[in-house]
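J.: dropping a prediction and its sequence here:
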Amino acid sequence: VTSPLETLAEVRVLPVVSLAEPTSAAALADVLAESGLPVIEITLRTERALDAVRAVARAGTARVGVGTVMHANQVRAAADAGAEFVVTPGFDPAVVRACLEHRIPVIAGIATATEILQALSAGVEVLKLFPATVLGGPALIEALSAPFPQIRFVPTGGITAQTAPDYLAQPSVLAIGGSWMVPRRAILANDFTAISALSRAAAQLPRARHDRTGMAHSSGSRA
Ligand code: 3PG
């Protein structure tokens, strides 16, 4: 079985989903996977988030990871629920250690060069730059890639369909994360038509970039 992060590196777009109720989780994961986004993150920001993870893992159409992990003891719970990877908003060595112990891939959060150094000593190289947009966006990633060429970034936070191409143009960006294709309102209304359209467009973004070789790097050329 391919690692979920390898699959993510091919897809390059990670939907970040927050669900109050697990009821429609499996159906939502189906829609995302069918739209070309087969790797999804469910945040631990709601009480029933792990039930949603369990439902998606059982359905088996998408690879599901758990996000907003802040304590080492959540790693075990996530793995037991069927999560295939862990995402953290910031850097905590104990959480990373727990992930390595459970052999569950981790996308550890960082916001500074100092935290990247801590991540490297902990033995992880796939890092979530969060909150990417307010920290400095693609320009920050380019700057950090100079001293840290081995780091693969998963920028998340404030990314939109409009700003996504400039992140994807950075060679050190493994994937971008975000919730723009799973808007809260659409989830609450079970509006799978809207989610499907947004997700299909999001899944096309990395491909669109290849088709535009030569003009892909200036944001001014895209409205
Ligand atoms: C996260 O947890 O990574 C963010 O809340 C998702 O970012 P976005 O909602 O700004 O896209």
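T.: Cool, got the structure.
J.: so what's residue 111 up against?
T.: If you count contacts by Cβ atoms under 8 Å, 6 or more residues apart in numbering, residue 111 has them with 90, 129-131, 135. No exception for glycine: its C-beta is placed from N, CA and C like everyone else's.
J.: list the buried residues of stretch 190-209.
T.: Neighbour counts over stretch 190-209 (16 or more other Cβ atoms under 10 Å) mark 192, 194-196, 198-203, 205-206, 209 as buried.
J.: again with stretch 78-92
T.: For stretch 78-92, burial by neighbour count (16+ other Cβ under 10 Å) applies to 78-79, 81-89, 91-92.
J.: could I have it exported to CSV, CA atoms only?
T.: What follows is stretch 78-92, C-alpha atoms only, in CSV (Å, rounded to 0.1, in the frame of the first residue of the first chain):
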residue,chain,number,x,y,z
ALA,A,78,-6.6,8.7,15.8
ALA,A,79,-4.8,5.6,14.7
ASP,A,80,-7.4,3.4,16.4
ALA,A,81,-10.1,5.3,14.5
GLY,A,82,-8.4,4.4,11.2
ALA,A,83,-6.5,7.6,10.5
GLU,A,84,-3.6,7.0,8.2
PHE,A,85,-1.7,10.2,9.0
VAL,A,86,-1.6,13.0,11.6
VAL,A,87,-1.4,16.8,11.1
THR,A,88,-0.5,19.3,13.8
PRO,A,89,-1.0,23.0,13.8
GLY,A,90,2.4,23.7,15.6
PHE,A,91,5.5,21.9,16.5
ASP,A,92,5.4,19.5,19.5
